[in-house]
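J.: output the structure for:
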Amino acid sequence: MKRILSVAGSDSGGGAGIQADLKVITILGGYGMSVITALTAQNTIGVQGVYAVPQEFIAQQLDAVLSDIGADAAKTGMLATPEIVDVVANGIKKYDIQPLVVDPVMVAKSGDSLLSEDARQTLKNSLLPLATVVTPNLPEAEVLCGCRVQNLKEMQEAARRIHQLGPRYVVIKGGHLKDRPVDLLFDGKAFQTYDASRLNQRNTHGTGCTFSAALTTFLATGLPIAEAVGEAKRFITLAISMGMDIGSGHGPTNPYAHIIGLKERDATLVELKKAIEFLSYQRLGSLIPEVRSNIGYALPGAADYNDVAGFPGRISQVGDEVFAYKDPTFGATRHIARVVLAAMKHAPQLRSAMNIRYNPAILNACKNIGLRMAFFDRRKEPKDVKAREGSTLEWGTNQALEEFDGIPDLVYDEGDVGKEPMIRVLGKSPMEVVDKINRIKQDLVNGVNMNAVLPQINPLVA
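T.: Purely as a prediction, here's the structure:
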């Protein structure tokens, strides 16, 4: 078990600072230790008071922990005053603690200042030269580099300037960008970006602390910096996606989302197996499209396609018979995963989707059984989206849900040149999805000749 030291302030509300750090370190399998630099009277609304711990006592905490237990890695957070920055820097040098992650905490989520003007300069001069990696957000990067930082090009320039202050690596977090929250890693020579979808989530208190604590723990285990940043990015994205609705202000991120995801994985695969058995038993092959089908089921708070399970090789059919080539696994479907992930941005409970054949009779059956239908027009797809492989489904699902009043049961399009029209049935679970599909078929069976409406697909084509 790796020993991880957090040198930071205490958040009485439990969402950031030492409290958040120790939760993250523990969840990721580390042994968390603390040196408290300041006490805050704080909640989700703001910081009502700050009491800086006397520097002599901070030095005493550092000596107590490091002379006996030692540390495999350390991170710093709120340091408040120039004197505190200096005493922490001296302790790091005295015990030669590496790797060291410096989270240059300057302002709380509420806007309250947590680092004095004088301390900012001391941090540049005394602490950054000792850092393995520094992790500013955009406002913090602007203070450290003295330049405007509001887009990726400006992030690159800021990273170059901050790197000159002494840290071995610079990670500039893009949560404040207007578009997608892209993080940037700079090693002094090359840049690497880490992309993620923008989450519609107000509960983001403690994001910087959570990210830097995760990064520190991953580095302590020996992960290379590029991989450690990627894992920390995934960890914080999941924590934000399942942010806790606590208090009346900005609730905290949820580091336990990582554990919830692990617990849900087996159950997710079991539910998909039940769904394919149901499809086969009900002989729903006539609704499988020419391009074949897949059914996806996402973990709660899914961040990317690796958090969505589906069937490798898709779902196929011979006549009415339905079959899958292999058991479901995570990351097996990108096309239906894009639909699920886009739907979850609008309604997090919509964790499952399956694509089925489109024609007017099927659409009419959907209306007959009262399914709520959202539509998007592929012909209106922007050229830049069309140029990006696989972006159509994400764009189309977003477009349909943004224009729909409420939560739909399905999203459909009428195709385009070289693109088969399609219906994508949405639901909270795979069994809810396949139940809707079964009801669609039963309406067709009761109303018309299935062979006339749904001509059989050549099994070799399917």
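J.: CA atoms for contacts and neighbours, from now on please.
T.: Noted.
J.: which residues of this protein score low on pLDDT?
T.: 108-114, 386-390, 448-462 (pLDDT under 70).
J.: which SSE is residue 353 in?
T.: strand 352-357 (DSSP states H and E).
J.: for that strand, name the packing helices and strands.
T.: Contact here means 3 or more C-alpha pairs under 8 Å, 6 or more residues apart in numbering; DSSP states H and E; on that basis strand 352-357 packs against strand 295-298, helix 335-346, strand 422-427, helix 430-447.
J.: now with 10 Å?
T.: strand 295-298, strand 308-310, helix 335-346, strand 410-413, strand 422-427, helix 430-447 (3 or more C-alpha pairs under 10 Å, 6 or more residues apart in numbering; DSSP states H and E).
J.: what about that strand, distance to the chain center?
T.: 24 Å (C-alpha atoms, centre = their mean, to the nearest Å).
J.: pull the distance from the very next helix or strand once past it to the chain's centre.
T.: Using DSSP H and E, the helix or strand that follows strand 352-357 towards the C-terminus is helix 360-368. Counting by C-alpha atoms, centre = their mean, helix 360-368 is centred 36 Å from the centre of its parent chain.
J.: so which elements touch helix 360-368?
T.: strand 373-375, helix 430-447, helix 450-453.
J.: what comes into contact with that helix?
T.: Contact with helix 360-368 is made by 287, 356-357, 370-373, 409-410, 412, 414, 423, 436-437, 439-448, 450, 453-454, as judged by C-alpha atoms under 10 Å, 6 or more residues apart in numbering.
J.: just the buried residues of those residues.
T.: Buried by 16 or more other C-alpha atoms under 10 Å: 287, 356-357, 371, 373, 409-410, 412, 414, 423, 436-437, 439-441, 443-444, 454, out of the contacts of helix 360-368.
J.: longest strand anywhere in the protein?
T.: strand 31-42 (DSSP state E).
J.: tell me the strands beside that one, with direction?
T.: Its sheet considered, strand 31-42 pairs with strand 3-11 (parallel), strand 47-52 (antiparallel) by DSSP bridges.
J.: which parts of it are buried?
T.: Result for strand 31-42 [16+ other C-alpha under 10 Å]: buried residues 31, 32, 33, 34, 35, 36, 37, 38, 39, 40, 42.
J.: in CSV: those, plus distance to residue 237.
T.: Output for the buried residues of strand 31-42, formatted as CSV (distance: C-alpha to C-alpha, whole Å):
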residue, distance to residue 237
31, 23
32, 22
33, 25
34, 25
35, 27
36, 27
37, 27
38, 28
39, 28
40, 26
42, 24
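J.: give me the distance between residue 84 and residue 155.
T.: According to C-alpha to C-alpha, to the nearest Å, residue 84 stands 28 Å off from residue 155.
J.: element containing the spatially most central residue of the chain?
T.: With distances taken as C-alpha atoms, centre = their mean, residue 237 lies nearest the centre of the chain, 2.6 Å away. Taking DSSP H and E as the definition, one finds residue 237 inside helix 225-241.
J.: got the angle between the strand holding residue 353 and strand 422-427?
T.: Here strand 352-357 runs at an angle of 150 degrees relative to strand 422-427 (axes from the mean of the first three to the mean of the last three C-alpha atoms, to 10 degrees).
J.: so what are the sheet partners of strand 352-357 and their directions?
T.: Short version: by DSSP bridges, strand 352-357 pairs with strand 295-298 (antiparallel), strand 422-427 (antiparallel).
J.: and among these, the most buried is which?
T.: strand 295-298 (a mean of 32; mean count of other C-alpha atoms under 10 Å).
J.: chain center to it, what's the gap?
T.: That offset, for strand 295-298, works out to 17 Å (C-alpha atoms, centre = their mean).
J.: which residue, other than its chain neighbours, is closest to the residue nearest to the centre of the chain?
T.: Using C-alpha to C-alpha, 6 or more residues apart in numbering and skipping the chain neighbours, the partner closest in space to residue 237 is residue 303 (6.4 Å).
J.: where do the helices sit along the stretch 51-200 of the chain?
T.: Along the stretch 51-200 of the chain, counting by DSSP state H, counting those that start in this stretch, helices occupy 55-68, 82-95, 117-122, 138-145, 152-163.
J.: reformat those helices as TSV; add mean neighbour count.
T.: Output for those, formatted as TSV (neighbours: other C-alpha atoms under 10 Å):
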stretch	mean neighbour count
helix 55-68	16
helix 82-95	18
helix 117-122	17
helix 138-145	20
helix 152-163	20
